[in-house]
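J.: Please find the sequence and the predicted model below.
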Amino acid sequence: MNELMSPVAFKWFLTLITGVIAGTWFLYDALKLWRLRNADKTDPTVRDKIFGYSMGVLIGGTGVTGCLLFHDVM
């Protein structure tokens, strides 16, 4: 047996690494986006932040969804 870990352990390792990073990314950017809800949206810096945090939420959500699909939950 030349494998470092079983296929099931590798699957859970990938899920843990990806899920923790993607979930943290999603929550962090969602919180930052929530805090900007009352900001002056005519300011270009605020609009850039809103766009960036929206992309972060989208990327984090994609990672979490990918983990769920990987385990046939969805």
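T.: Nice, I can see it.

J.: Quick check: closest non-adjacent residue to Phe26.
T.: Leaving aside its chain neighbours, Phe26 sits nearest to Gly60 (2.8 Å; criterion: CB to CB, 6 or more residues apart in numbering). Using the backbone N, CA and C atoms, a C-beta is placed for each residue, glycine as well.

J.: which helices and strands sit right next to the host helix or strand of the one you found?
T.: Under the criterion of DSSP states H and E, Gly60 resides in helix 44-70. Applying 3 or more CB pairs under 8 Å, 6 or more residues apart in numbering; DSSP states H and E, one finds that helix 44-70 makes contact with helix 7-35.

J.: shouldn't His71 be in contact with Thr15?
T.: Yes - at 6.6 Å, His71 and Thr15 qualify as touching, with contact defined as CB atoms under 8 Å.

J.: Can you check what angle separates the helix holding Gly60 from helix 7-35?
T.: Angle, helix 44-70 to helix 7-35, by axes from the mean of the first three to the mean of the last three CA atoms, to 10 degrees: 150 degrees.
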